[in-house]
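In: Build me a model from this:
(chains A and B)
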Amino acid sequence: MAHKKVVFLSLASDFGCQVQVTNFPELLEMLGSIDLSYWQLATSAHMPEDYDVAVIEGAVTTQEHIELLEKVRGIAECVIVVGACACTGGVVGLALNHDLEEAARTVYGKDASKVAWGHIAPRPVDAVIPTDFKVMGCPINPEEFSYILQRAVQGLTDHPHRETLCSECKINENLCFYKQQKVCLGLVTAAGCNSNCVNRGRACTGCRGLAEDANLEAAREFAAKFSLENELLEAIEVYNTARKEA
Amino acid sequence: MFFRILQKESVSDLIKGLAQTREVIGPRAKGSEFVFDVIENPDDIVLDYTTTLLPPKKYFLKSKEEMMRYNSKTGQVSEDEVAVEPRVLFGVHPCDINSLLLLDKVFLGDYVDPYYKARRENTLIVGVSCMPTQMCMCNAFGTGEVHDGFDLFLTDLGDSYYVTCQTAEGANLIDKYCETRAVEPADVDALQARIKKFNEAFVPAPDTSEIPLLFDAKYDDPMWEEIGDPCLACGACSMVCPTCYCFNVRDVQDADGVSGTRVREWDSCCFSDFAEVVGGHNFRPKRSDRVKYRFYHKQWGYLSRYGEVLCVGCGRCNTACKVNINPRRVLEALTKGGEE
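Out: All right, here's what the predicted structure looks like:
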């Protein structure tokens, strides 16, 4: 059977997730199981008109992005979105807390409209087109990307972690940050990273986005017991602002 | 079975002796808490610990384990060989020893689990007595004492331990590696004083009479929404539970797209996809349904199958749950009412 044709493209992002994939020790093995037709980061060629799987990184921030996504969806049988920007809007979504024109002027100066045009409110990819798989995280874990890519290539369906991160933190026998009066987003964030940050002594910042099973009301009440309710809500904004809007 | 008195300063001799032929696992400090971990230096073991973050279950039913390797091109599958080094769990509390006996009924019963069995057979258990904390509830289930399931058991008498030698292997090892002496009448007196002190230290147990009957009678009671709606769906209760044994199995394809690993991992009935089936139907769509199910299985489902309650009152879920969902609260809500 011929290998599936895969394209890898970016919207608004820092290309960090593509870099993560290049860091993957099993990258060459992965390339042996797919036909990588286009990789925005690693090639100057044009994107082909025919492919099976589209891997998309980055948030939607321009009208051009929307047109590109609609075209991609019409061609690819399977769309995989990778990274926080593509999955939830990520930190790009924080622009929603500002006036967009003013934000552009802050970054590009008074002639912003000459260099940056067509801006729309940032949103995750699935606010524009239906997606089939999500690889969460900022940046993504290349092993998880490989696992999901293989599922996609085999024609399986996505099975995202719906539960929150505290489950993995318990398995790793970490001490809870709330006992030290510190906010941690593990209690509302989707599991699947093996509590990577907390294992290293840092509280969860929620890069995998709110879990489908998250119970925000109960989490707020819990944080309020430590007088951390506002800090909790503020921390949730970082990766979930565009998600909420979409 | 016979009994010995072991001076506390000789415990390190026993640990060093055991370490000659096996890996020694015991409770050690992690920040303000305790965990079961490899003991390389006998000074690291803390035998008067309160409880550990995870129970000893993690050494028998691993949180994540490879069941087999496969190759989808050749159709070859590796045999389920479980390589287990000889091991001793040193310093296990009665509740946790009892929890292993409950897991045995599941994994060594009608369908023997080779992974669990290999680890169980290669592991010696040295129990140690404890004092109840505010979270402990073994007094409700009679699991604060053990009669089986260990090789040696050390009851703390202050400067010494009253050692119960349950198995021949345990007895041989203690004779081989450390000095002990015969039990004297004063030791029995100290043992009795210790038992009294232990019993008096408990928070009174909730009423457990007719719990299965009340579970069925109150199946649709609003108490379940009140207790279960705040569930954060983190599954912390199941992860820290010494008797939760549900797992998920999935195949993880390698990057080459040909070979892969079948993996087994801990699961929780508090996750929303636990009771979801092909086609998308979910038998327990609400948080409160899932929380109710968890307690129902612990207090009634397992009991109907194996004749015992699937809770040893270790108190870990009580500590781990951020929204106050715990067996004491459930039992108190179930037994509330009926006053004249």
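In: Then B:Phe90 would be within a helix, right?
Out: No. Judged by DSSP: H, G, I helix; E, B strand; the rest coil, B:Phe90 forms no part of a helix; its state is strand.
In: Might one say that it is in contact with B:Lys16?
Out: No. Applying CB atoms under 8 Å, one finds B:Phe90 not in contact with B:Lys16, separated by 11.5 Å. In this view, the C-beta of every residue, glycine as well, is placed from N, C-alpha and C.
In: What are the boundaries of the strands in the stretch 1-150 of chain B?
Out: B:2-7, B:23-30, B:33-38, B:64-71, B:87-92, B:123-128 (DSSP state E, counting those that start in this stretch).
In: Select, out of those, the one closest to B:Val277.
Out: Closest approach to B:Val277 among the strands of the stretch 1-150 of chain B is made by strand B:64-71 (22.4 Å; CB to CB).
In: Pull out the buried positions in that closest one.
Out: Within strand B:64-71, the residues that count as buried by 16 or more other CB atoms under 10 Å in any protein chain shown are B:Glu65, B:Met67, B:Tyr70.
In: now swap in stretch A:8-20 and tell me
Out: Buried-residue list, stretch A:8-20, by 16+ other CB under 10 Å: A:Phe8, A:Leu9, A:Ser10, A:Leu11, A:Ala12, A:Ser13, A:Asp14, A:Cys17, A:Gln18, A:Gln20.
In: can you check stretch A:204-216 too?
Out: For stretch A:204-216, using 16+ other CB under 10 Å, the buried residues are A:Cys204, A:Thr205, A:Gly206, A:Cys207, A:Arg208, A:Gly209, A:Leu210, A:Ala211, A:Asp213, A:Ala214, A:Asn215.
In: how about the residues you listed in CSV, adding secondary structure and pLDDT?
Out: Conversion of the buried residues of stretch A:204-216 to CSV gives the following (DSSP: H, G, I helix; E, B strand; the rest coil; pLDDT from 0 to 100):
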residue, secondary structure, pLDDT
A:Cys204, coil, 98
A:Thr205, coil, 97
A:Gly206, coil, 97
A:Cys207, coil, 97
A:Arg208, coil, 97
A:Gly209, coil, 96
A:Leu210, strand, 97
A:Ala211, coil, 96
A:Asp213, coil, 94
A:Ala214, coil, 96
A:Asn215, coil, 97
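In: Show me which of these is closest to chain B.
Out: A:Asp213 (3.5 Å; CB to the nearest CB).
In: Which secondary structure elements does the helix or strand harbouring B:Tyr302 sit against?
Out: B:Tyr302 is part of helix B:302-306 when elements are defined by DSSP states H and E. Packed against helix B:302-306 by the contact rule (3 or more CB pairs under 8 Å, 6 or more residues apart in numbering or on different chains; DSSP states H and E) you find helix B:94-107.
In: Also compute the angle for the helix it packs on relative to strand B:33-38, please.
Out: Put simply, helix B:94-107 runs at 60 degrees to strand B:33-38, going by axes from the mean of the first three to the mean of the last three CA atoms, to 10 degrees.
In: and the angle for helix B:94-107 with strand B:123-128?
Out: Using the same axes, to 10 degrees: helix B:94-107 against strand B:123-128 is 150 degrees.
In: Helix B:94-107: which residues count as buried?
Out: B:94-103, B:105-107.
In: how about the CA coordinates for that helix, as PDB?
Out: In PDB, the C-alpha atoms belonging to helix B:94-107 read as follows (Å, rounded to 0.1, in the frame of the first residue of the first chain):
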ATOM      1  CA  PRO B  94      -2.100  -3.200  57.700                       C
ATOM      2  CA  CYS B  95      -4.600  -1.400  55.500                       C
ATOM      3  CA  ASP B  96      -2.300  -1.700  52.500                       C
ATOM      4  CA  ILE B  97      -1.500  -5.400  53.200                       C
ATOM      5  CA  ASN B  98      -5.300  -6.000  53.300                       C
ATOM      6  CA  SER B  99      -5.700  -4.100  50.000                       C
ATOM      7  CA  LEU B 100      -3.300  -6.500  48.300                       C
ATOM      8  CA  LEU B 101      -5.400  -9.400  49.500                       C
ATOM      9  CA  LEU B 102      -8.400  -7.800  47.800                       C
ATOM     10  CA  LEU B 103      -6.500  -7.300  44.600                       C
ATOM     11  CA  ASP B 104      -5.400 -10.900  44.700                       C
ATOM     12  CA  LYS B 105      -9.000 -12.000  44.500                       C
ATOM     13  CA  VAL B 106      -9.300 -10.100  41.200                       C
ATOM     14  CA  PHE B 107      -5.900 -10.800  39.600                       C
END
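In: that older thread, could you dump the buried residues of helix B:94-107 into CSV and include pLDDT?
Out: As requested, those are exported to CSV (pLDDT from 0 to 100):
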residue, pLDDT
B:Pro94, 98
B:Cys95, 98
B:Asp96, 98
B:Ile97, 98
B:Asn98, 98
B:Ser99, 98
B:Leu100, 98
B:Leu101, 98
B:Leu102, 98
B:Leu103, 98
B:Lys105, 98
B:Val106, 97
B:Phe107, 98
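In: Residue 63: what's it in contact with?
Out: In the absence of a named chain, this looks at chain A. Residues in contact with A:Gln63 (CB atoms under 8 Å, 6 or more residues apart in numbering or on different chains) are A:Gly118, A:Ile120.
In: Sorry, I should have been clearer: chain B.
Out: A:Ile171, B:Met239, B:Glu265, B:Trp266.
In: For the closest residue to A:Thr62 other than its chain neighbours, which residues are in contact?
Out: Excluding its sequence neighbours, the residue lying closest to A:Thr62 (CB to CB, 6 or more residues apart in numbering or on different chains) is A:Gly118, at 4.6 Å. By CB under 8 Å, 6+ apart, A:Gly118 lies in contact with A:Thr62, A:Gln63, A:Glu64.
In: and which of those is nearest B:Thr319?
Out: Comparing the contacts of A:Gly118 against B:Thr319 with CB to CB places A:Thr62 closest, at 49.6 Å.
In: tell me, which of the buried residues of stretch A:204-216 make contact with chain B?
Out: Among the buried residues of stretch A:204-216, the ones lying near chain B by CB under 8 Å from any CB of the partner chain are A:Ala211, A:Asp213, A:Ala214, A:Asn215.
In: interface residues of the stretch 101-250 of chain B facing chain A?
Out: Near chain A, when you scan the stretch 101-250 of chain B using CB under 8 Å from any CB, you find B:Asp229, B:Pro230, B:Cys231, B:Leu232, B:Ala233, B:Cys234, B:Gly235, B:Ala236, B:Ser238, B:Met239, B:Val240.
In: which one of those residues sits closest to A:Glu221?
Out: Among these, B:Pro230 lies closest to A:Glu221 (CB to CB), at 7.2 Å.
In: Let me see the contact set for the closest one.
Out: A:Asn215, A:Glu217, A:Ala218, A:Glu221, B:Arg287, B:Val323, B:Asn324, B:Ile325.
In: Quickly find the element holding B:Pro212.
Out: helix B:211-217.
In: Helix, strand, or coil at the residue positioned nearest the centre of chain A?
Out: In chain A, the residue lying closest to the centroid (CA atoms, centre = their mean) is A:Ala84, at 2.0 Å. The local conformation at A:Ala84, judged by three-state DSSP, is helix.
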